[in-house]
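A.B. asks: Got a predicted structure here, sequence first:
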Amino acid sequence: MIATLQAVRMIATAMATISFGLAGLTGLVYIMQITWRQSPLFPKVPPAERLDRWMEQGLAFGMPWLTLSMVSAIGEGWLSTGRVWPGDPQTSSLLALWLYYSALLSGRLRLNWAGVGPAWMTLVGAVSAALALAVSLS
């Protein structure tokens, strides 16, 4: 059972990291497009509204995977130690990332938060997701 939960956690964490990474790259392109709007380097980049929508969709797609990863890490810790919250770095990093992304996604969906601010936060979150994946795989 623990091996199954470990496999689920690794797959879910990888899927969330891929989704958040793509959203972060989209955020980087969004920031570059807004910053260098008149540059001839960006003639074929999609409009800013579409990039913003792609960022939001990437966050919305990755959040259930991150939730599944966190739940499986908690279940794995409970089965191996007998405690509900094992307190290991893997579970703690997933919880911190989950809280960060839930606040970001709530702001985008409920408050219609768009623009450069959420793009920067998505980019920072993508780097954090990559670090969480590195901690989770160790």
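C.D. replies: Good, I have the coordinates.

A.B. asks: Now do the least confident helix or strand in the chain by mean pLDDT: which elements does it pack against?
C.D. replies: Between all helices and strands in the chain, the lowest mean by mean pLDDT, DSSP states H and E belongs to helix 116-137, at a mean of 84. Judged by 3 or more CB pairs under 8 Å, 6 or more residues apart in numbering; DSSP states H and E, the packing partners of helix 116-137 are helix 2-35, helix 48-81, helix 89-110. For every residue, glycine as well, the C-beta is placed using N, CA and C.

A.B. asks: Check which residues of it are buried.
C.D. replies: 118-119, 121-123, 125-126, 128-129, 132-133, 135-136 (16 or more other CB atoms under 10 Å).

A.B. asks: Distance of the residue nearest the centre of the chain relative to residue 31?
C.D. replies: Nearest to the geometric centre of the chain sits residue 20, at 3.7 Å (CA atoms, centre = their mean). Relative to residue 31, residue 20 is positioned 16 Å away (CB to CB, to the nearest Å).

A.B. asks: Low-confidence regions, the protein specifically.
C.D. replies: Within the chain, the ranges that satisfy pLDDT under 70 run 38-42, 86, 136-138.

A.B. asks: On the three-state scheme, residue 113 is what?
C.D. replies: coil (DSSP: H, G, I helix; E, B strand; the rest coil).

A.B. asks: Correct me if wrong: residue 121 contacts residue 108.
C.D. replies: No - the pair residue 121 and residue 108 fails to qualify as a contact (CB atoms under 8 Å) at a distance of 9.4 Å.
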